[in-house]
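S.K.: Below is the structure, and that's it, no one-letter string:
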């Protein structure tokens, strides 16, 4: 029966497509959260496989903190444009102004927490009942606990103790008005799976994923790109380094890694050899406390 | 390379978390930052050495209480396979979480403490393994270092467990003596067991045959979503999107759409935008039919010569997962694959004692974590197969219509 064998990437792809179609079948107003990062780009490709030649049954939505890498934003717009799908962008900047929110202070002041306000407002504005996200369970220990269909209450909160059992491949997306479900079609993928899939399918990515020269500030062993969004003190060590990004988040809290990998093979070799996790190496926002991610998720972060 | 999904069953005391930690650690799947984090926590707790169990408890409450509350999924891979571990809590009050983890697993590792042998807990885990029809079982006889790596101890446990397995009808059982703490027989075969002729755990997990678990005979295709672009150039395009959950479909196959019983022929199959001549489980595909017939989400496309049952009376084993008790006569929604129907639990036949496997008198009310035999009536007939025969089309969930919570797991008999 060997001719009917699917290799692991095909199995993961099939499972994710199945999840995408369950969303389409179960919800009235879903949205695909799309940042222009590698995971959300893979999600768009999976949605193409799930729904073409039809249109996506949901728009792409980006909650823009205003601190993003320009390369990722440009890529975001180009991709949405080239596939002819609707892109909705909502800006954290606007929420801060309208709601009179307080900007975080400090050296690497991140708008990560404020993003939740804009996201919840956007969900309300469009009455989204499902938000599809590119989170993976291998990223972080709180995420390892999360269901594929993960219910949020009317305040956007996650209660890890009240998760619905998730049996077989049967997903229960029923909710009350005002609640929403966060759906994670690539839950079972690892960082390496994502890169192997990108390579196999020849998926284009923003240039910052590949090694390039960039001016960075060295901070506790991590390299943060210099930008107007971070405070630079005279004693800070600034240098031009050859770097690439493993994740694409805000410029304020995403660190680059030193690398000479200029193509996908190079990146895959580096990922295989690395001894540090994706978030551990690149996200300074996860280091706030041992339960930083769990706490953010409980309050509505996706 | 393919994927093996497995569940580990056993209480913390049996060394389950240590075993998982060991597998991840020795296969170099733990990242340094994660290790440093748990090292720091271990020190906070004055435990002296790294507590690998901390790797698996992802929630604040779990770490505070030192127990596993909910299923966590862990990933590692070797050049041969990708592994997905459903790390489920073992205590009786978390039966529903073990059922959740077991529902997707190809294999169960049941941990036995060599000092204690087969205990109630072992039986309970085996009963769930059997009820959920997990194809492969590894009995991991752990803590062999504490019984001097004794062959007699091992043989006696194998003998005891074989009796349990026989009662439950478990097949394909592999016994491996080990010490998760010391890493004996986990990744590498250990010299401590000169009398043991089998493989190390990882070697076994890498090589256990999985293709036999997929049913290529009984073709089932639940429709998830109908793709109709309705554009000028694709005016007549109507594709049925879904996953082949079992079997093989070919262009030209004569098919029936259940439960309505309408018939047609497959005239096109697409996978990821490409036309193919055949599709097989577990591919997500789009089917096109020769005739325009009424098909919607929840319908199941099958081959004419191989039909599922289509009935509205179901005999089920039911694991109750709701905090509100179940009473005979209660109404719920029943979901099987993409089909959702109203259902009533008509009769509770008996309760299964999950420790002894004895049938107990039907209780007045069914409580969280109880497993019962029941009959369910659905509002309209549904296409299904017996869970024992075809897992992918014999498992259904019950949903409380008022709270929307998943309250029951049904294995249709």
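M.R.: Thanks, I have the structure now. Fair warning: this is a prediction, and the values are worked out from it, not measured in the lab. Residues are numbered from 1 along each chain as shown, chains lettered A, B, ... in the order given.
S.K.: Any residues of the stretch 101-250 of chain A in contact with chain B? List them.
M.R.: A:137-138, A:140-145, A:160-161, A:163-170, A:172, A:174-176, A:187-188, A:190, A:192-193 (C-beta under 8 Å from any C-beta of the partner chain). (C-beta placed from N, C-alpha, C; glycine too.)
S.K.: Name only those of those that count as buried.
M.R.: Among those, the ones that count as buried by 16 or more other C-beta atoms under 10 Å in any protein chain shown are A:137-138, A:140-145, A:160, A:163-170, A:172, A:174-175, A:187-188, A:190, A:192-193.
S.K.: What strand or helix carries residue A:268?
M.R.: Assessed by DSSP states H and E, residue A:268 sits inside helix A:264-273.
S.K.: by contact count, what packs against that helix?
M.R.: Applying 3 or more C-beta pairs under 8 Å, 6 or more residues apart in numbering or on different chains; DSSP states H and E, one finds that helix A:264-273 contacts helix A:191-200.
S.K.: in the helix it packs on, what's buried?
M.R.: Result for helix A:191-200 [16+ other C-beta under 10 Å]: buried residues A:191, A:192, A:193, A:194, A:195, A:196, A:197, A:198.
S.K.: And stretch B:193-208, by the same measure?
M.R.: By neighbour count on 16+ other C-beta under 10 Å, the buried set for stretch B:193-208 is B:193, B:196, B:199, B:200, B:201, B:202, B:203, B:204, B:205, B:206, B:208.
S.K.: re the thing from before, so which of the buried residues of helix A:191-200 is the closest to residue B:151?
M.R.: Of all these, residue B:151 sits closest to residue A:192, with 40.4 Å by C-beta to C-beta.
S.K.: these two touch, right, that closest one and residue A:270?
M.R.: No: applying C-beta atoms under 8 Å, one finds residue A:192 not in contact with residue A:270, separated by 10.6 Å.
S.K.: Just give me the neighbour total for residue B:268.
M.R.: 15 (other C-beta atoms under 10 Å in any protein chain shown).
S.K.: Tell me the confidence at it?
M.R.: Predicted confidence (pLDDT) for residue B:268: 97.
S.K.: ok, it - contacts?
M.R.: Counting by C-beta atoms under 8 Å, 6 or more residues apart in numbering or on different chains, residue B:268 touches B:251, B:275, B:287, B:288.
S.K.: So which bits of whatever helix or strand it lives in are buried?
M.R.: Per DSSP H and E, residue B:268 falls inside strand B:262-271. The neighbour-count check on strand B:262-271 (16+ other C-beta under 10 Å) flags B:262, B:264, B:266, B:269, B:270, B:271 as buried.
S.K.: Excluding covalently adjacent residues, which one is nearest to the spatially most central residue of chain B?
M.R.: Central residue of chain B (C-alpha atoms, centre = their mean): residue B:103, 2.2 Å from the mean position. Excluding the flanking residues, the one nearest residue B:103 by C-beta to C-beta, 6 or more residues apart in numbering or on different chains is residue A:167, at 4.3 Å.
S.K.: ok but the one you found is inside a helix, no?
M.R.: No: per DSSP: H, G, I helix; E, B strand; the rest coil, residue A:167 lies outside any helix segment and is coil.
S.K.: count of residues packed around residue 101?
M.R.: All of this refers to chain A. 15.
S.K.: Correction: the question concerned chain B.
M.R.: Residue B:101: 30 neighbours (other C-beta under 10 Å).
S.K.: if we can go back for a sec, name the nearest of the buried residues of stretch B:193-208 relative to residue B:217.
M.R.: Nearest to residue B:217 among the buried residues of stretch B:193-208, counting by C-beta to C-beta, is residue B:208 at 21.4 Å.
S.K.: which residue sits closest to that closest one, ignoring its sequence neighbours?
M.R.: Here the residue nearest residue B:208, using C-beta to C-beta, 6+ apart, is residue B:136, at 5.7 Å.
S.K.: re the thing from before, now, which of the buried residues of helix A:191-200 sits nearest residue B:350?
M.R.: For those, the residue nearest residue B:350 by C-beta to C-beta is residue A:193; the value is 44.6 Å.
S.K.: The closest one contacts residue B:82, correct?
M.R.: Yes: using C-beta under 8 Å, residue A:193 makes contact with residue B:82 at a distance of 7.5 Å.
S.K.: shared neighbours of these two, anything?
M.R.: Listed as contacting both residue A:193 and residue B:82 by C-beta under 8 Å, 6+ apart are residue A:8.
S.K.: Show me the shaky parts of the chain.
M.R.: I'll assume chain A. A:1-2, A:279-302 (pLDDT under 70).
S.K.: was after chain B, sorry
M.R.: B:12, B:31, B:38-69, B:90-93.
S.K.: from it, which residue is nearest to chain A?
M.R.: residue B:33 (3.1 Å; C-beta to the nearest C-beta).
S.K.: Now that residue: which helix or strand?
M.R.: Element membership of residue B:33, judged by DSSP H and E, is helix B:32-44.
S.K.: Surely the residue nearest to residue B:103 touches residue B:406?
M.R.: Yes: when contacts are counted by C-beta under 8 Å, residue A:167 is listed as touching residue B:406 (7.2 Å).
S.K.: Mind listing the shared neighbours of the two?
M.R.: Contacts common to residue A:167 and residue B:406, judged by C-beta under 8 Å, 6+ apart, are residue B:397.
S.K.: Tell me which residues touch the residue nearest to residue B:208, please.
M.R.: By C-beta under 8 Å, 6+ apart, the contact set of residue B:136 is B:106, B:107, B:108, B:172, B:174, B:208.
S.K.: and the strand holding residue B:268, which strands flank it?
M.R.: strand B:254-258 (antiparallel), strand B:274-276 (antiparallel), strand B:284-289 (antiparallel) (DSSP bridges).
S.K.: contacting residues around residue 126?
M.R.: Went with chain A since none was named. A:29, A:31, A:59, A:61, A:88.
S.K.: sorry, should have said chain B
M.R.: B:110, B:137, B:161, B:164, B:165, B:168, B:170.
S.K.: Does the fifth one belong to a helix, a strand or coil?
M.R.: When you say that, I think you mean residue B:165. At residue B:165 the chain is in helix, as set by three-state DSSP.
S.K.: dump the residue contacts of it.
M.R.: Taking C-beta under 8 Å, 6+ apart, one finds B:126, B:137, B:173 in contact with residue B:165.
S.K.: So which of the residues you listed sit within helices?
M.R.: Counted as lying in helices by DSSP state H, out of the contacts of residue B:165, are residue B:126.
S.K.: among the contacts of residue B:268, who's most crowded?
M.R.: In the contacts of residue B:268, the most neighbours by other C-beta under 10 Å go to residue B:287, 24 neighbours.
S.K.: how near is residue B:194 to residue B:177?
M.R.: Distance, residue B:194 to residue B:177, by C-beta to C-beta, to the nearest Å: 11 Å.
S.K.: Among the strands paired with strand B:262-271, show me which one is buried the most.
M.R.: Ranked by mean neighbour count under mean count of other C-beta atoms under 10 Å in any protein chain shown, the strands paired with strand B:262-271 are led by strand B:284-289, which reaches a mean of 23.
S.K.: Identify all contacting residues around that strand.
M.R.: Under C-beta under 8 Å, 6+ apart, the answer for strand B:284-289 is A:13-15, A:17-18, A:21, A:49-50, B:221, B:227, B:238-244, B:249, B:255, B:264-271, B:276, B:279, B:295, B:301.
S.K.: Output the contacting helices and strands for the helix or strand following that strand.
M.R.: For strand B:284-289, the succeeding helix or strand toward the C-terminus, using DSSP H and E, is strand B:300-303. Where contact means 3+ C-beta pairs under 8 Å, 6+ apart, strand B:300-303 is packed against strand B:220-227, strand B:254-258.
S.K.: who does strand B:300-303 pair up with?
M.R.: Short version: by DSSP bridges, strand B:300-303 pairs with strand B:220-227 (antiparallel), strand B:254-258 (antiparallel).
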